[in-house]
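Asker: Below: sequence and its predicted model.
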Amino acid sequence: MAEHIAQASVRETYELYLKVMRHIGHYRWFALFMKQVGSRADRALIRASRGRLSMSGPQLPTMLLTTTGRKTGKDRTVPLHYVRDGRNLVAVCENFGLNATSSWPHNLRANPRARIEIGGAAAGYVGRPATEDEIVRNIPRLVDMWPAHDSYMRRSGTRHVVVFEPVDAD
(Lines give C-alpha, C1' and ligand atoms only; values in the text may rest on other atoms or scores of the structure.)
Protein backbone atom coordinates (compact mmCIF):
# COMPACT_ATOMS: atom_id res chain seq x y z
CA MET A 1 0.00 0.00 0.00
CA ALA A 2 2.71 2.47 1.00
CA GLU A 3 4.69 1.61 -2.15
CA HIS A 4 1.61 2.26 -4.32
CA ILE A 5 1.08 5.63 -2.63
CA ALA A 6 4.76 6.50 -3.09
CA GLN A 7 4.60 5.59 -6.80
CA ALA A 8 1.45 7.68 -7.24
CA SER A 9 3.14 10.58 -5.46
CA VAL A 10 6.20 10.35 -7.72
CA ARG A 11 3.97 10.23 -10.82
CA GLU A 12 1.91 13.22 -9.64
CA THR A 13 5.07 15.17 -8.82
CA TYR A 14 6.50 14.43 -12.25
CA GLU A 15 3.25 15.44 -13.99
CA LEU A 16 3.28 18.72 -12.05
CA TYR A 17 6.95 19.24 -13.00
CA LEU A 18 6.11 18.73 -16.69
CA LYS A 19 3.15 21.09 -16.48
CA VAL A 20 5.31 23.81 -14.91
CA MET A 21 8.15 23.23 -17.41
CA ARG A 22 5.74 23.43 -20.36
CA HIS A 23 4.39 26.71 -18.99
CA ILE A 24 7.70 28.44 -18.19
CA GLY A 25 9.42 27.00 -21.27
CA HIS A 26 7.96 29.83 -23.37
CA TYR A 27 9.64 32.61 -21.37
CA ARG A 28 12.86 34.27 -22.50
CA TRP A 29 14.43 34.09 -19.01
CA PHE A 30 13.92 30.32 -19.06
CA ALA A 31 15.59 30.14 -22.48
CA LEU A 32 18.59 32.09 -21.19
CA PHE A 33 18.85 29.84 -18.14
CA MET A 34 18.62 26.67 -20.23
CA LYS A 35 21.20 27.94 -22.71
CA GLN A 36 23.71 28.86 -20.00
CA VAL A 37 23.07 26.27 -17.28
CA GLY A 38 20.36 23.78 -18.18
CA SER A 39 21.98 22.25 -21.25
CA ARG A 40 25.23 21.56 -19.39
CA ALA A 41 23.38 20.07 -16.42
CA ASP A 42 21.17 17.98 -18.69
CA ARG A 43 24.15 16.66 -20.64
CA ALA A 44 25.83 15.60 -17.38
CA LEU A 45 22.63 14.03 -16.02
CA ILE A 46 22.00 12.04 -19.21
CA ARG A 47 25.59 10.79 -19.30
CA ALA A 48 25.75 9.93 -15.59
CA SER A 49 22.48 7.97 -15.77
CA ARG A 50 23.39 6.29 -19.07
CA GLY A 51 20.38 7.89 -20.68
CA ARG A 52 17.84 6.92 -18.03
CA LEU A 53 17.36 10.45 -16.67
CA SER A 54 16.98 13.85 -18.26
CA MET A 55 15.77 17.22 -17.05
CA SER A 56 13.00 16.78 -19.62
CA GLY A 57 11.87 13.47 -18.14
CA PRO A 58 10.93 10.26 -19.94
CA GLN A 59 7.98 11.75 -21.84
CA LEU A 60 10.25 14.08 -23.83
CA PRO A 61 12.72 12.02 -25.83
CA THR A 62 16.15 13.59 -25.49
CA MET A 63 19.29 12.58 -27.34
CA LEU A 64 22.89 13.64 -26.98
CA LEU A 65 24.18 14.84 -30.34
CA THR A 66 27.94 14.97 -30.81
CA THR A 67 29.30 16.86 -33.80
CA THR A 68 32.82 17.85 -34.75
CA GLY A 69 33.48 21.55 -34.24
CA ARG A 70 34.04 23.14 -37.64
CA LYS A 71 36.65 25.54 -36.25
CA THR A 72 38.23 23.54 -33.43
CA GLY A 73 37.90 19.96 -34.66
CA LYS A 74 36.83 19.03 -31.11
CA ASP A 75 33.75 17.00 -30.20
CA ARG A 76 30.77 19.17 -29.27
CA THR A 77 27.83 17.53 -27.48
CA VAL A 78 24.36 19.01 -26.98
CA PRO A 79 21.11 17.53 -25.63
CA LEU A 80 18.20 17.80 -28.08
CA HIS A 81 14.58 16.77 -28.17
CA TYR A 82 13.79 14.59 -31.15
CA VAL A 83 11.05 12.57 -32.83
CA ARG A 84 11.42 9.39 -34.82
CA ASP A 85 10.47 9.39 -38.49
CA GLY A 86 10.85 5.79 -39.57
CA ARG A 87 14.51 4.89 -39.02
CA ASN A 88 15.49 8.56 -38.94
CA LEU A 89 15.58 11.02 -36.07
CA VAL A 90 14.36 14.60 -36.50
CA ALA A 91 15.39 17.58 -34.38
CA VAL A 92 14.92 21.31 -34.66
CA CYS A 93 17.48 23.97 -33.82
CA GLU A 94 15.94 27.17 -32.64
CA ASN A 95 18.51 27.84 -29.87
CA PHE A 96 15.82 28.47 -27.26
CA GLY A 97 14.56 31.40 -29.36
CA LEU A 98 17.75 33.39 -28.85
CA ASN A 99 19.15 35.51 -31.68
CA ALA A 100 22.27 33.49 -32.48
CA THR A 101 21.99 30.07 -34.07
CA SER A 102 23.50 27.15 -32.17
CA SER A 103 26.76 25.86 -33.56
CA TRP A 104 25.62 22.29 -34.17
CA PRO A 105 23.81 22.95 -37.51
CA HIS A 106 26.91 24.80 -38.77
CA ASN A 107 29.10 21.91 -37.60
CA LEU A 108 26.89 19.44 -39.48
CA ARG A 109 27.13 21.47 -42.67
CA ALA A 110 30.93 21.29 -42.42
CA ASN A 111 30.90 17.58 -41.49
CA PRO A 112 27.54 15.78 -41.57
CA ARG A 113 28.75 12.75 -39.59
CA ALA A 114 27.56 12.72 -35.99
CA ARG A 115 27.25 10.43 -33.00
CA ILE A 116 23.93 10.21 -31.22
CA GLU A 117 23.37 8.69 -27.79
CA ILE A 118 19.91 7.54 -26.79
CA GLY A 119 19.32 5.56 -23.63
CA GLY A 120 23.04 5.10 -23.10
CA ALA A 121 23.62 3.53 -26.54
CA ALA A 122 25.58 5.45 -29.19
CA ALA A 123 25.38 5.10 -32.96
CA GLY A 124 26.63 6.92 -36.04
CA TYR A 125 24.33 9.17 -38.05
CA VAL A 126 24.54 11.58 -40.93
CA GLY A 127 22.69 14.88 -40.54
CA ARG A 128 21.04 16.72 -43.41
CA PRO A 129 18.48 19.52 -43.78
CA ALA A 130 14.91 18.25 -43.71
CA THR A 131 12.86 18.31 -46.89
CA GLU A 132 9.70 20.43 -46.93
CA ASP A 133 7.63 17.24 -46.59
CA GLU A 134 9.66 16.18 -43.54
CA ILE A 135 9.24 19.63 -42.01
CA VAL A 136 5.47 19.62 -42.53
CA ARG A 137 5.23 16.11 -41.08
CA ASN A 138 7.49 16.58 -38.05
CA ILE A 139 7.28 20.19 -36.79
CA PRO A 140 3.76 19.64 -35.39
CA ARG A 141 5.01 16.50 -33.63
CA LEU A 142 7.95 18.37 -32.09
CA VAL A 143 5.71 21.26 -30.99
CA ASP A 144 3.13 18.84 -29.57
CA MET A 145 5.88 17.17 -27.57
CA TRP A 146 7.36 20.46 -26.30
CA PRO A 147 5.10 23.48 -27.05
CA ALA A 148 7.91 25.96 -26.36
CA HIS A 149 9.52 24.91 -29.66
CA ASP A 150 6.85 27.04 -31.35
CA SER A 151 7.71 30.08 -29.20
CA TYR A 152 11.43 29.56 -29.83
CA MET A 153 10.97 29.38 -33.61
CA ARG A 154 8.75 32.47 -33.67
CA ARG A 155 11.13 34.44 -31.45
CA SER A 156 14.29 33.51 -33.36
CA GLY A 157 12.64 33.80 -36.78
CA THR A 158 14.54 30.73 -37.94
CA ARG A 159 14.21 27.02 -37.84
CA HIS A 160 16.81 24.51 -38.78
CA VAL A 161 15.06 21.15 -39.02
CA VAL A 162 17.61 18.39 -39.31
CA VAL A 163 17.08 14.75 -40.21
CA PHE A 164 19.58 12.25 -38.88
CA GLU A 165 19.91 9.11 -40.96
CA PRO A 166 21.56 6.09 -39.32
CA VAL A 167 24.90 4.95 -40.68
CA ASP A 168 24.62 1.19 -41.03
CA ALA A 169 27.50 -0.80 -39.58
CA ASP A 170 29.53 -2.66 -42.18
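Answerer: It's in.
Asker: any low-confidence regions in the chain?
Answerer: 1-8, 14, 17-18, 23-26, 29-35, 37-38, 57-59, 95-101, 156-158, 169-170 (pLDDT under 70).
Asker: ok, now with 80
Answerer: For the chain, applying pLDDT under 80 flags the ranges 1-11, 13-46, 48-60, 94-102, 146, 148-159, 168-170.
Asker: show me where it has helices.
Answerer: For the chain, the helices defined by DSSP state H cover 2-24, 28-33, 39-48, 103-110, 132-145, 148-156.
Asker: Distance to Val163 added to the ones you listed, as JSON lines?
Answerer: No exception for glycine: its C-beta is placed from N, CA and C like everyone else's. As requested, the helices of the chain are exported to JSON lines (distance: least, Cβ to Cβ, whole Å):
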{"stretch": "helix 2-24", "distance to Val163": "25"}
{"stretch": "helix 28-33", "distance to Val163": "24"}
{"stretch": "helix 39-48", "distance to Val163": "22"}
{"stretch": "helix 103-110", "distance to Val163": "11"}
{"stretch": "helix 132-145", "distance to Val163": "6"}
{"stretch": "helix 148-156", "distance to Val163": "16"}
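Asker: so which of those helices gets nearest Leu65?
Answerer: Nearest to Leu65 among the helices of the chain is helix 103-110 (6.2 Å), distances taken as Cβ to Cβ.
Asker: And the closest one, what's buried?
Answerer: Neighbour-count burial for helix 103-110, counted by 16 or more other Cβ atoms under 10 Å, picks out Ser103, Trp104, Pro105, Asn107, Leu108.
Asker: so which of these comes closest to Gly124?
Answerer: Relative to Gly124, the closest of these is Leu108; by Cβ to Cβ it sits at 13.2 Å.
Asker: Beta-bridge partners for the residue nearest the centre of the chain, please?
Answerer: Centroid check for the chain by Cα atoms, centre = their mean gives Leu80 as the closest residue, at 1.5 Å. Assessed by DSSP bridges, Leu80 has beta-bridge partners Met63.
Asker: So it is in contact with Ala91, correct?
Answerer: Yes: here Leu80 reaches Ala91: they are 4.5 Å apart, a contact under Cβ atoms under 8 Å.
Asker: Among the helices of the chain, single out whichever gets nearest to Tyr125.
Answerer: Tyr125 sits nearest to helix 103-110 of all the helices of the chain, at 9.8 Å, using Cβ to Cβ.
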